[in-house]
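Chemist: this is the structure alone, sequence omitted:
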């Protein structure tokens, strides 16, 4: 089992969804999911907030695109997928970004639920 790479992330979608299409016509939707953790620092209650970058490819990308175009109020989202690190440069400084590449998606909208569990060709869309 030396090639395991799987993550399950449950949080709230925030911000705008960026939808693009690759040269071969594959839908690529990027979104942010925020997770929160409540903890105590002595007697004081604090909340820690972490933003996760998520990329949905193919059929999952289309699913996220449809949700964003319909302006559905998504409040909870669960994604499963693999972690992918990429390197980029800003003003000569090398930076790293970790994203979750979606292989399963479940979104809960106000008034209705939507689930998707379609396999993607994730390994061919690096």
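Modeler: Great, that's in hand. Computed from a predicted structure; not experimentally measured.

Chemist: what are the ranges of the strands in the chain?
Modeler: Taking DSSP state E as the criterion, the chain carries its strands at 7-21, 27-41, 44-57, 74-90, 93-109, 112-116.

Chemist: compare the ones you listed and say which comes out lowest on pLDDT.
Modeler: Lowest mean pLDDT within those: strand 112-116, at a mean of 50.

Chemist: returning to what we had before: JSON lines for the strands of the chain, including distance to residue 64?
Modeler: Where you see a C-beta, it was placed from the backbone N, CA and C, and this is true even at glycine. What follows is those, written out as JSON lines (distance: least, CB to CB, whole Å):
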{"stretch": "strand 7-21", "distance to residue 64": "6"}
{"stretch": "strand 27-41", "distance to residue 64": "4"}
{"stretch": "strand 44-57", "distance to residue 64": "5"}
{"stretch": "strand 74-90", "distance to residue 64": "9"}
{"stretch": "strand 93-109", "distance to residue 64": "7"}
{"stretch": "strand 112-116", "distance to residue 64": "9"}
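
Chemist: closest to residue 68 out of the ones you listed?
Modeler: Within the strands of the chain, the stretch nearest residue 68 is strand 7-21; the backing value is 3.9 Å (CB to CB).
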